[in-house]
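Peer 1: fold the stuff below for me.
(2 chains)
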Number of protein chains: 2
Amino acid sequence: MAEERGMALVTCTAPVNIAVIKYWGKRDTELILPINSSLSVTLHQDQLRTTTTAAASRDFTEDRLWLNGEEVDAAQPRLQACLREVRRLARKRRGDDDPSPLNLSYKVHVASENNFPTAAGLASSAAGYACLVSALARLYGVEGELSEVARRGSGSACRSMLGGFVQWHRGERPDGRDSVAQQLAPETHWPELRVLILVVSGEKKAVGSTAGMQSSVDTSPLLKYRAEAVVPERLSRMARHIQERDFEGFGQLTMQDSNQFHATCLDTFPPIFYLNDVSRAIIALAHRYNAHHGRTKVAYTFDAGPNAVIFALEDTVPEFVAVLRRSFPPASNGDQFLRGLPVAPVALPEELVAAVVAEPVPGAVRYVLHTQPGPGPQLLRDPERHLLGADGLPRRTA
Amino acid sequence: MAEERGMALVTCTAPVNIAVIKYWGKRDTELILPINSSLSVTLHQDQLRTTTTAAASRDFTEDRLWLNGEEVDAAQPRLQACLREVRRLARKRRGDDDPSPLNLSYKVHVASENNFPTAAGLASSAAGYACLVSALARLYGVEGELSEVARRGSGSACRSMLGGFVQWHRGERPDGRDSVAQQLAPETHWPELRVLILVVSGEKKAVGSTAGMQSSVDTSPLLKYRAEAVVPERLSRMARHIQERDFEGFGQLTMQDSNQFHATCLDTFPPIFYLNDVSRAIIALAHRYNAHHGRTKVAYTFDAGPNAVIFALEDTVPEFVAVLRRSFPPASNGDQFLRGLPVAPVALPEELVAAVVAEPVPGAVRYVLHTQPGPGPQLLRDPERHLLGADGLPRRTA
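Peer 2: Numbers count the residues shown, from 1 in each chain, chains lettered A, B, ... in the order given. Modelled structure (predicted):
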């Protein structure tokens, strides 16, 4: 916590996570308690991150919030729930006679920025709330279990509070105290694992996930069955595949669980579609590629949007990226097609092209972001990276 | 049965049916026994029909089969199973001392034609096998329960053996004797009911339904649950909606069951997609249209292909067809956009257009076929309509 002229200021970054056993549906919408446990991989912040600065000062007259440079309503219940919970933990920790200079009744200013498009199915709210809670906790000197607080902002945000491979436990308690995230393995556990994000469209999704999942809980008989009967067995199986670094098992189950999540969206009434024809072309390509190699070399998963996330081992990436270039020839600026971690160019064997590349769809994939599993939220100590200036206002607008 | 120069000749027509509680998955692939009961509406043969001529003669040296003018292999197991079953019933009926002139060991020639594209998700095999079995049964003088025989050709063919509203009972017996079709109500039961078939694409489907449903049975946990726990309750509810001519209930459940069928396809591994972006645009349009009117005025259902089948009451059809014209402006020959039963043109209220018609997609729907529920297979007595000539060969090729 930095203090300048009576103002306390903290800046953190937090990661996106991508679920391989999906969360879809709340059993308590107020406390954000899920109908089933879920399991995710935290992605590296070198490529995808939210940065959040939180400041508190006796001079602030109201809570204020800027998202990607635009001021938005700070009275929104989820933000306030996170703020209230962090202050409650701070009060509990300090005791009544704590001499800490930072008064818990001070108003806060929060500025948050993503380095990727918001609401494009890339779990921006997960990174956003994880970052908010991390920054507020540092601001108030709170430590320890914070995933429960992040969960109050956005369910999947609790999984972004940890790096590597993370399970969000459904929990049993009505008050949600046991609905927390737990790290199954750190990001260093599976050093060969890579992630390709295929950005199909920057459009805002048609049905937001909060409304969508509630509609699914209300109307889909298949979702209820999935949560009760399918997910528990899949979770323990997935944890074992990760533990054993078994890509065949991990990849197959990742694809199956993505498909089942989208199946329950289709079983919702009215039905919800997040996959489009390009998503389906990517799915078909992945299956042809795996069939050609006779094993699972790539595994797709899709969240609430048309963008694909592909898992692969390091040695598969150059060939599969070349396949993507052939299948979805970049419309223009081909040099911007691949972003993130570098990939060595390779020549594709002609029989692979013949077997795997169907009719190319130019421009269908806007770009491919190459990343890998990464750590949980980070504190930034460099004051240059604060998003709020000494006056408590944004230093720049997006 | 007509006889010309020692050749017996029969021509029948048979209808397409469209399931409102879907059949997907066999518990016995040899006998074609389904994992769940299903319920369908038989469509009128004035618009969609198969015509089949079956002939037997001592002069024929082998079984021969022509589909849409092209000779195909008559040794295929499903055709032979139907032929064997009809002959078995004939033998049983006649007794050993029957003086009938038509020897059961004579070879047969069969010619069959659809007046609609094959394998475009329009249940051509259902009409085809229903027609084959109807013609063979007439040829051999067999009467009574024939849906069990048609089922051996193609599961859903058993439902095309009856008109109106038809339930195919799953049955319990291992030999399939109780897996038969039953008419719940004749086509005259609900005279206002209309059907619009939106032909999206004439492409042959990517995954045939025989292979697709087997893959679903083998890999989809949701399909198993659907068959065991969801369908039984839906069947009795659907039968009640039909009995009461309750379009609201009928339409909602029809849409929900179509969506759930496609959800189990997506839960199959590798996943199967029959809906494409145009199918999804039609689904969204139907929901906007119903929402605008505050009740279920149109109900979609999709089989193993991208074409939509829309149910509506007679008084809704003119307005909804006008909405379709606005939403999917015909690419060319706009006069061919609507086929089948005539529809009076109407002007659309501007507020309806504003609320319901999103971005028009020109040419996405090739044409709309307007039809209604109809009767079961028919015997054609006009010798001009035989597809085989006096020589036992096709009179014309397609």
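Peer 1: list the contacts of the residue lying closest to residue A:148 once chain neighbours are set aside.
Peer 2: In space, residue A:148 comes closest to residue A:180 once its chain neighbours are excluded; the distance is 5.2 Å by CB to CB, 6 or more residues apart in numbering or on different chains. Any C-beta I mention is one placed from the backbone N, CA and C, and that applies to glycine too. Neighbouring residues of residue A:180 by CB atoms under 8 Å, 6 or more residues apart in numbering or on different chains: A:145, A:147-148, A:151, A:158, A:168-169, A:171.
Peer 1: likewise for residue A:378?
Peer 2: For residue A:378, the contact set (CB under 8 Å, 6+ apart) comprises A:12-14, A:45.
Peer 1: quick revisit: gap between the residue nearest to residue A:148 and residue B:92?
Peer 2: The spacing between residue A:180 and residue B:92, counted by CB to CB, to the nearest Å, is 69 Å.
Peer 1: do the same with residue A:377
Peer 2: Taking CB to CB, one finds residue A:377 at 78 Å from residue B:92.
Peer 1: the more surrounded of these two?
Peer 2: Taking other CB atoms under 10 Å in any protein chain shown, residue A:377 and residue B:92 do not tie; residue A:377 has more neighbours (27 against 9).
Peer 1: the more buried one contacts residue A:129, doesn't it?
Peer 2: No. Residue A:377 sits out of contact with residue A:129 when judged by CB atoms under 8 Å, with a separation of 10.8 Å.
Peer 1: shared neighbours, the two?
Peer 2: Residues touching both residue A:377 and residue A:129 (CB under 8 Å, 6+ apart) are residue A:160.
Peer 1: is any residue of the top helix by length along chain A near chain B?
Peer 2: Longest helix in chain A, counting residues (DSSP state H): helix A:247-266. Yes. Using CB under 8 Å from any CB of the partner chain, helix A:247-266 reaches chain B at A:252, A:255-256, A:259-260, A:262-264, A:266.
Peer 1: got the buried residues for stretch A:126-133?
Peer 2: By neighbour count on 16 or more other CB atoms under 10 Å in any protein chain shown, the buried set for stretch A:126-133 is A:126-133.
Peer 1: any idea how far the residue nearest to residue A:148 lies from chain B?
Peer 2: 28 Å (CB to the nearest CB, to the nearest Å).
Peer 1: so what pLDDT did the residue lying closest to residue A:63 once chain neighbours are set aside get?
Peer 2: Spatial nearest neighbour of residue A:63, excluding adjacent residues (CB to CB, 6+ apart): residue A:74 at 4.1 Å. According to the prediction, residue A:74 has pLDDT 93.
Peer 1: next, count neighbours for residue A:74.
Peer 2: Counted with other CB under 10 Å, residues neighbouring residue A:74 total 17.
Peer 1: now do the contacts for it.
Peer 2: Residue A:74 touches A:62-65, A:80, A:110, counting by CB under 8 Å, 6+ apart.
Peer 1: near chain B, which residues of chain A are found?
Peer 2: So chain A meets chain B at A:219, A:221-222, A:225-226, A:229-230, A:252, A:255-256, A:259-260, A:262-264, A:266-271, A:273, A:276-277, A:280, A:283, A:287 (CB under 8 Å from any CB).
Peer 1: quick check: which ranges of the stretch 1-150 of chain A have low pLDDT?
Peer 2: Low-confidence segments of the stretch 1-150 of chain A (pLDDT under 70): A:1-5, A:95-101, A:117-123.
Peer 1: quick one: the helices in it, in order.
Peer 2: Remark: helices assigned in the stretch 1-150 of chain A by DSSP state H, counting those that start in this stretch are A:77-94, A:124-139, A:147-153.
Peer 1: show the buried residues in the residues of chain A next to chain B.
Peer 2: Using 16+ other CB under 10 Å, the buried ones in those are A:221-222, A:225-226, A:230, A:252, A:255-256, A:259-260, A:262-264, A:266-271, A:273, A:276-277, A:280, A:283, A:287.
Peer 1: tell me where the stretch 251-398 of chain A has helices.
Peer 2: Using DSSP H, counting those that start in this stretch, helices in the stretch 251-398 of chain A cover A:277-293, A:317-327, A:350-356.
Peer 1: between those, which gets nearest to residue B:297?
Peer 2: helix A:277-293 (28.1 Å; CB to CB).
Peer 1: can you tell me the SS state at residue A:163?
Peer 2: Three-state assignment for residue A:163 (DSSP: H, G, I helix; E, B strand; the rest coil): coil.
Peer 1: that one and residue A:125, how far apart?
Peer 2: Residue A:163 is 19 Å from residue A:125, where distance means CB to CB.
Peer 1: could I get the helices of the stretch 1-150 of chain A as JSON lines with distance to residue A:328?
Peer 2: Listed next are the helices of the stretch 1-150 of chain A as JSON lines, based on distance: least, CB to CB, whole Å:
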{"stretch": "helix A:77-94", "distance to residue A:328": "36"}
{"stretch": "helix A:124-139", "distance to residue A:328": "24"}
{"stretch": "helix A:147-153", "distance to residue A:328": "35"}
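Peer 1: do you know which of these lies nearest residue A:32?
Peer 2: Nearest of these (CB to CB): helix A:147-153, 5.3 Å.
Peer 1: show me what the closest one is packed up against.
Peer 2: helix A:77-94, helix A:124-139, strand A:181-185 (3 or more CB pairs under 8 Å, 6 or more residues apart in numbering or on different chains; DSSP states H and E).
Peer 1: CA atoms of it as PDB?
Peer 2: Extracted in PDB, the C-alpha atoms of helix A:147-153 (Å, rounded to 0.1, in the frame of the first residue of the first chain):
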ATOM      1  CA  SER A 147     -11.500 -16.500  -3.300                       C
ATOM      2  CA  GLU A 148     -14.800 -16.400  -1.400                       C
ATOM      3  CA  VAL A 149     -14.800 -12.600  -1.700                       C
ATOM      4  CA  ALA A 150     -14.000 -12.600  -5.400                       C
ATOM      5  CA  ARG A 151     -16.800 -15.200  -6.000                       C
ATOM      6  CA  ARG A 152     -19.200 -12.500  -4.800                       C
ATOM      7  CA  GLY A 153     -18.200 -10.400  -7.700                       C
END
